[in-house]
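Participant: for reference, the sequence and a predicted model appear below.
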Amino acid sequence: MSPELVTQRLVDVGCPQLTTPDEGKQLYDFVLEQKPEGILELGFAHGSSTAYLAAALLELGGDARITSIDREDARERVPNAETVLRQLELDERVDLVYAHTSYTWELMKLIQARTANARTEPLFDFAFIDGAHSWETDGLAFFLVDKLLRPGGSILFDDVHWTFGNSAALKNTDKVRRMPEDERTTPQVMKVVSLLALQHPSYGNLRVSGNLGLDPEARDGRKRLVLAAFCWSFGQ
Ligand SMILES: C[S@@+](CC[C@H](N)C(=O)[O-])C[C@H]1O[C@@H](n2cnc3c(N)ncnc32)[C@H](O)[C@@H]1O
């Protein structure tokens, strides 16, 4: 299924496009280019990004799958991701995981299941991090995802410029109003990238999409970081 058809089908089923058609095409093309055997997505909401990822896997053939994690309350979204993916006939490739508390806990379980003799066997080649956008959650998520990412794999961080204070959905909530000024106004995903991921010895190739410029060259066998500058608004 082409990315244009995914967009059309998402409109048909009334799925809010938290991933815009342009962003969806970038996700789709990235998957076609990288040919991951396994994809991890943190934050699926209504499933729009998941649909583009799943359509790209179908296009590639093979039997690669997506594990996508959100919270229990994602079931209550209208339409929810399960319905959207089923209606688009893209559900076969996707395992939706509903976390009671946070994807960091579900990642602990995955790491535990893949660990033997004090070594974790990785299972993903591409991770798309588009969930909490906070230092507290995604700082830990980065290290957990890294354990599950095969050598040469890629992490895409979305919303590197996003802040709690600029979020239309969150800025007027009590939680955000009570935050100290610096926590409210700091792009926290960018802190995860600049202070953790970019300094990590396993990551060598930075590719930036959106309004930060683009450097598509993979220079060595290390893992890649991809930053997306788009700001997608969402409710939590
Ligand atoms: C921006 S939305 C995801 C949008 C989706 N990737 C898309 O483009 O269609 C962020 C999602 O992350 C989820 N989320 C935020 N923090 C989370 C956490 N700690 N654990 C699990 N899910 C979380 C929210 O419930 C929300 O559905």
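Facilitator: Sure thing, it's come through.

Participant: mind checking the SS state of residue 97?
Facilitator: Under DSSP: H, G, I helix; E, B strand; the rest coil, residue 97 falls in the strand class.

Participant: excluding chain neighbours, what is closest to it?
Facilitator: residue 69 (4.4 Å; C-beta to C-beta, 6 or more residues apart in numbering). (Each C-beta comes from the backbone N, C-alpha and C, glycine too.)

Participant: make sure residue 191 is actually in contact with residue 135.
Facilitator: Yes. Residue 191 lies in contact with residue 135 (C-beta atoms under 8 Å); the separation is 5.4 Å.

Participant: compare these two (neighbour count), which wins?
Facilitator: residue 135 (18 against 15; other C-beta atoms under 10 Å).

Participant: which ones are touching that one?
Facilitator: Residues counted as contacts of residue 135 (C-beta atoms under 8 Å, 6 or more residues apart in numbering) are 188, 191, 192.

Participant: run the last query once more with 10 Å
Facilitator: Residues counted as contacts of residue 135 (C-beta atoms under 10 Å, 6 or more residues apart in numbering) are 183, 186, 187, 188, 189, 190, 191, 192, 195, 196.

Participant: closest to residue 5 among these?
Facilitator: Closest approach to residue 5 among the contacts of residue 135 (C-beta to C-beta): residue 189, at 30.4 Å.

Participant: what helix or strand is the residue nearest to residue 97 on?
Facilitator: According to DSSP states H and E, residue 69 maps onto strand 65-71.

Participant: next structured bit after that strand?
Facilitator: Next in sequence after strand 65-71, counting helices and strands by DSSP H and E, comes helix 81-87.

Participant: tell me the mean pLDDT for that following helix?
Facilitator: Across helix 81-87, the average pLDDT comes to 98.

Participant: repeat for stretch 189-200
Facilitator: On average, stretch 189-200 scores 89.

Participant: cool, stretch 2-14 as well?
Facilitator: On average, stretch 2-14 scores 98.

Participant: tell me the buried residues in that stretch?
Facilitator: By 16 or more other C-beta atoms under 10 Å, the buried positions in stretch 2-14 come out as 3, 6, 7, 9, 10, 13.

Participant: then stretch 62-71?
Facilitator: Residues 64, 65, 66, 67, 68, 69, 70, 71 are the ones in stretch 62-71 that count as buried (16+ other C-beta under 10 Å).

Participant: got the contact list for the first one?
Facilitator: Spelled out, that is residue 64. Contacts of residue 64 by C-beta under 10 Å, 6+ apart are 31, 35-39, 53-54, 56-58, 93, 124-126.

Participant: can you tell me which of those residues is nearest residue 157?
Facilitator: Nearest to residue 157 among the contacts of residue 64, with distances taken as C-beta to C-beta, is residue 126, at 12.3 Å.

Participant: pLDDT (mean, whole number) over the helix or strand encompassing the closest one?
Facilitator: Here residue 126 sits within strand 124-129, counting by DSSP H and E. Mean pLDDT, strand 124-129: 94.

Participant: skipping adjacent residues, who's closest to the closest residue to the ligand within the chain in space?
Facilitator: Using C-beta to the nearest ligand atom, residue 43 is the residue of the chain that sits closest to the ligand, at 2.9 Å. The shortest distance from residue 43 to any non-neighbouring residue, by C-beta to C-beta, 6+ apart, is to residue 131 (3.3 Å).

Participant: give me the neighbour count for that neighbour.
Facilitator: 26.

Participant: what about residue 10, distance to residue 176?
Facilitator: Distance of residue 10 to residue 176, computed by C-beta to C-beta, to the nearest Å: 29 Å.
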